[in-house]
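A.B. asks: Dropping a prediction and its sequence here:
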Amino acid sequence: MSDNVSAFGAHVAFFESHESEVRSYCRRLPALLKSANGAVIIDDKGRSYVDFMSACGALNYGHNHPRLKAAALNYIQQDGIAASLDFHTIAKYRFLNGLYDQILTPRKLDYKVQFPGPTGANCVEAAMKLARKATGRETVVAFTNAFHGVSLGALSATASSAVRKSARGSLNGVVRLPYDGYHGAGLDDLLRFRAMAKDLSGGIDPPAAFVVETVQGEGGLNVASEGWLAALADVAKDLGALLIVDDVQAGCGRTGTFFSFERAGIVPDLVCLAKSISGYGFPMSLLLVKPEFDVWSPGEHNGTFRGNSLAFVTAHAAIELWDGGFEKAIEDRSALLEDWCHSLQEEFADQLKSKGLGMMRGLEFVTPDHAIAAADLAAQSRIVIECCGPRDEVLKIMAPINIDLDLFRATLARLADIVRTVLKPRQSYIQRLQRNEAGLDSHDDRGYPISRSQFPHRVADMKFDGLLRN
Ligand code: PMP
């Protein structure tokens, strides 16, 4: 019997033999998950886990937010329309009204709303197709370390070789530019590209669009500066190309404001939202389109699941949370997280760097194996967390943006201890063990280790197993 079967239960073997090898996150957390509330997940054995992943940014408001749950239950109770074709439903009507009243109009944003298929990737594909149609051009400019999804069109804009190789074919129509800060890149690179695209002998066809994340979530929590984003918007305009902001991960409050681009004072031509737009984890995406670029023919980007009514209901309730005081709540939690990252960076100046913005922050480890080892120990301590960046070198903290402050503080303290355990000479850890402080904390249940071999990311090289399991 494998470690995971004995620790987590027979379901592990069942899933292994019945579900495809493409399984991913469940390899990191093999428990049979039963219920969840806020930032706490409970498994079938009653063990609790603190969620520092928020379903990869799809649960910014936490699990089963009571106001969203009440709205969903009420809608089902009343036999609300559940199908997802793009009929005029009351659920969609209310959501759109709320989106305009609560989010778009106060920000003076003039967009029409398109509902693509419910994934982020489908939304990015819709944006790329629409930009191509609106401009009559083909090339889309995307950036180093970008992540835009794994379906073929979106994958062409994604930079990660680990996922690009899955295409086993050409990923055409995308030109790659260095993101702000990539090996020292900055404004000059944008301006040089603009000069080349304008030069009759520059050898570059003018692009249809630039697609950008203002903070790269999967690519390593890289933050584009406000100046660079503003310059990008100018360059796009100057070249007659559309600016697409992919706010699938950084949007819905994750960086502190509803849209991640607000800090730069730019108004993108197209904005992709997915993940947390429904607020409840229900699949839903939307594309904001400047009216002049809404050149679709009816049904041209069609699909059966473009109007998830239940998602509209919870999305409407989620948007109502933004009615006063919510940004302050995110700010308080962001400040706590920022201090935490900075103080660890100070403590381990030669080994760590604080990265990210708002409630999408983390620690970049000089040695990627250390990041993986920290994530591994965190998992054993029942903190649900993942690494990001091209070499999984960044420990990424994506707690719900409204996480209970005491729980946040306490879990960050536990995580700091874990980081110290990884980075301090092993001797100090052994001394702690000898002083009988072996457990990292009350959550460090060493009876239920999560085996490193279950992680889809690279496996840490550190020999902690003996220490932890003795
Ligand atoms: N864009 C960004 C910025 C993302 O982070 C992701 C998902 N991690 C996607 C697009 C793709 O979204 P989905 O997984 O829903 O297709």
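C.D. replies: Now that the structure is in, tell me what you want to look at.
A.B. asks: Residue 288 in helix, strand or coil?
C.D. replies: Residue 288 falls in the strand class when you classify it by DSSP: H, G, I helix; E, B strand; the rest coil.
A.B. asks: now it: how far from residue 273?
C.D. replies: From residue 288 over to residue 273 the distance is 7 Å, taken as C-beta to C-beta, to the nearest Å. Any C-beta I mention is one placed from the backbone N, CA and C, and that applies to glycine too.
A.B. asks: now swap in residue 87 and tell me
C.D. replies: Separation of residue 87 from residue 273 (C-beta to C-beta) stands at 21 Å.
A.B. asks: Need the nearest residue in space to residue 353, chain neighbours excluded.
C.D. replies: Spatial nearest neighbour of residue 353, excluding adjacent residues (C-beta to C-beta, 6 or more residues apart in numbering): residue 364 at 4.4 Å.
A.B. asks: Who has more neighbours out of residue 87 and residue 273?
C.D. replies: Neighbour totals were compared for residue 87 and residue 273, and residue 273 leads with 26 against 10 (other C-beta atoms under 10 Å).
A.B. asks: For the more buried one, which residues are in contact?
C.D. replies: Applying C-beta atoms under 8 Å, 6 or more residues apart in numbering to residue 273 gives the contacts 123, 247-248, 251-252, 285-288.
A.B. asks: and residue 171, how many neighbours?
C.D. replies: Neighbours of residue 171 (other C-beta under 10 Å): 14.
A.B. asks: so it sits right up against residue 163, yeah?
C.D. replies: No - if you go by C-beta atoms under 8 Å, residue 171 and residue 163 don't touch, sitting 10.5 Å apart.
A.B. asks: Need the overlap of contacts for those two.
C.D. replies: Residues touching both residue 171 and residue 163 (C-beta under 8 Å, 6+ apart) are residue 155.
A.B. asks: quick one, helices of the stretch 301-450 of the chain?
C.D. replies: 309-320, 326-347, 368-380, 405-423, 426-434 (DSSP state H, counting those that start in this stretch).
A.B. asks: and of those helices, who's closest to residue 209?
C.D. replies: helix 309-320 (25.9 Å; C-beta to C-beta).
A.B. asks: Residue 183 falls within a strand, correct?
C.D. replies: No - under three-state DSSP, residue 183 sits outside any strand and is assigned helix.
A.B. asks: I'd like the distance between it and residue 144.
C.D. replies: From residue 183 to residue 144 the distance is 8 Å (C-beta to C-beta).
A.B. asks: Which one's more surrounded, these two?
C.D. replies: Higher neighbour count among residue 183 and residue 144: residue 144, with 18 against 8, using other C-beta under 10 Å.
A.B. asks: in terms of contact, does the more buried one touch residue 178 like I think?
C.D. replies: Yes - using C-beta under 8 Å, residue 144 is in contact with residue 178, at 5.2 Å.
A.B. asks: Now residue 338. Nearest residue, chain neighbours left out?
C.D. replies: Leaving aside its chain neighbours, residue 338 sits nearest to residue 361 (6.6 Å; criterion: C-beta to C-beta, 6+ apart).
A.B. asks: neighbours around that neighbour, how many?
C.D. replies: 25.
A.B. asks: Contact residues of this structure facing the ligand?
C.D. replies: Residues of the chain found near the ligand (C-beta under 6 Å from any ligand atom) are 56, 119-121, 124, 147-149, 213, 217-218, 246, 248-249, 274.
A.B. asks: Filter those down to the ones in strands?
C.D. replies: Among those, the members found in strands (DSSP state E) are residue 246.
A.B. asks: Taking the residues of the chain next to the ligand, please make a PyMOL selection of just the buried ones.
C.D. replies: In PyMOL, a selection of the buried entries from those looks like this (16 or more other C-beta atoms under 10 Å):
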select buried, resi 56+119+120+121+124+147+148+149+213+217+218+246+248+249+274
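A.B. asks: quick one: contacts for the residue nearest the centre of the chain?
C.D. replies: For the chain, residue 249 is the residue whose C-alpha lies nearest the centre (C-alpha atoms, centre = their mean; 3.8 Å). By C-beta under 8 Å, 6+ apart, the contact set of residue 249 is 56-57, 120, 147, 213, 215, 217-218, 275, 360.
A.B. asks: which stretches of this protein aren't confidently modelled?
C.D. replies: 1-2, 425-470 (pLDDT under 70).
A.B. asks: Test my guess that residue 96 contacts residue 113.
C.D. replies: Yes - using C-beta under 8 Å, residue 96 makes contact with residue 113 at a distance of 6.3 Å.
A.B. asks: between those two, what contacts are shared?
C.D. replies: What both residue 96 and residue 113 touch, as defined by C-beta under 8 Å, 6+ apart, is an empty set.
A.B. asks: before we move on, the earlier item: would you turn the contacts of residue 273 into a markdown table with distance to residue 372?
C.D. replies: Shown next, in a markdown table, are the contacts of residue 273 (distance: C-beta to C-beta, whole Å):
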| residue | distance to residue 372 |
| --- | --- |
| 123 | 31 |
| 247 | 28 |
| 248 | 25 |
| 251 | 28 |
| 252 | 28 |
| 285 | 31 |
| 286 | 35 |
| 287 | 35 |
| 288 | 37 |
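A.B. asks: farthest pair in these?
C.D. replies: 252 and 287 (14.4 Å).
A.B. asks: Looking at those two, which is more packed in?
C.D. replies: Between residue 252 and residue 287, counting by other C-beta under 10 Å, residue 252 is the more crowded of the two (28 against 25).
A.B. asks: For that one, which non-adjacent residue is spatially closest?
C.D. replies: Per C-beta to C-beta, 6+ apart, closest to residue 252 is residue 276, 3.8 Å.
A.B. asks: now residue 264
C.D. replies: The nearest residue in space to residue 264 (C-beta to C-beta, 6+ apart) is residue 229, at 3.8 Å.
A.B. asks: surely the one you found meets residue 262?
C.D. replies: No - Residue 229 lies out of contact with residue 262 (C-beta under 8 Å); the separation is 10.6 Å.
A.B. asks: Quick check: phi and psi at the nearest residue to residue 287 once chain neighbours are set aside.
C.D. replies: Spatial nearest neighbour of residue 287, chain neighbours left out: residue 114 (4.3 Å); criterion: C-beta to C-beta, 6+ apart. Backbone torsions of residue 114, given as degrees, to the nearest 10, read phi -110, psi 140.
A.B. asks: I'd guessed residue 114 sits against residue 296; true?
C.D. replies: Yes - applying C-beta under 8 Å, one finds residue 114 in contact with residue 296, separated by 7.3 Å.
A.B. asks: which residues do those two both contact?
C.D. replies: In contact with both residue 114 and residue 296: residue 130, using C-beta under 8 Å, 6+ apart.
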